[in-house]
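>>> The following block contains a protein sequence and its predicted model.
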Amino acid sequence: MQDYIHKRVLQISNYIIESGATVRQTAQVFGVSKSTVHKDMTERLPEINEIIAARVRDILDINKAERHIRGGEATKHKYAQRRAEANEH
């Protein structure tokens, strides 16, 4: 594994552990794709440090379980915004 990938994997894992961020949020912060974050956390990190990988996996599992709630909130907000804009006109 190249040195810059190794460093990125550790930086991303630390960020997820400290912030509890989702894959999408993390990808945006680090300027990489969601696929890269996912591959780094599920394939590369366990090769580097199994203990950190387990902590990250727990956080990602929680985020995955809660995503339907976040999605519902985003949709609710979107339509509330549209109603507010329609009432202004």
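That came in fine, so what should we check first?
>>> in the lengthiest helix in the chain, what's buried?
Scanning the chain for the longest helix, with DSSP state H as the assignment, gives helix 50-88. Using 16 or more other Cβ atoms under 10 Å as the test for burial, helix 50-88 gives 52, 53, 56, 59, 60, 63. Where you see a C-beta, it was placed from the backbone N, CA and C, and this is true even at glycine.
>>> low-scoring stretches of the chain, by residue?
By pLDDT under 70, the weakly predicted segments of the chain are 70-71, 73-74.
>>> swap the cut-off to 80 and go again
66-77, 79, 89 (pLDDT under 80).
>>> Show me how far the longest helix of the chain is from its chain's centre.
Computed by Cα atoms, centre = their mean, to the nearest Å, the chain-centroid distance of helix 50-88 equals 11 Å.
>>> can you put the buried residues of helix 50-88 in JSON lines and add distance to residue 46?
JSON lines is the format used below for these (distance: Cβ to Cβ, whole Å):
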{"residue": "52", "distance to residue 46": "9"}
{"residue": "53", "distance to residue 46": "4"}
{"residue": "56", "distance to residue 46": "9"}
{"residue": "59", "distance to residue 46": "15"}
{"residue": "60", "distance to residue 46": "13"}
{"residue": "63", "distance to residue 46": "18"}
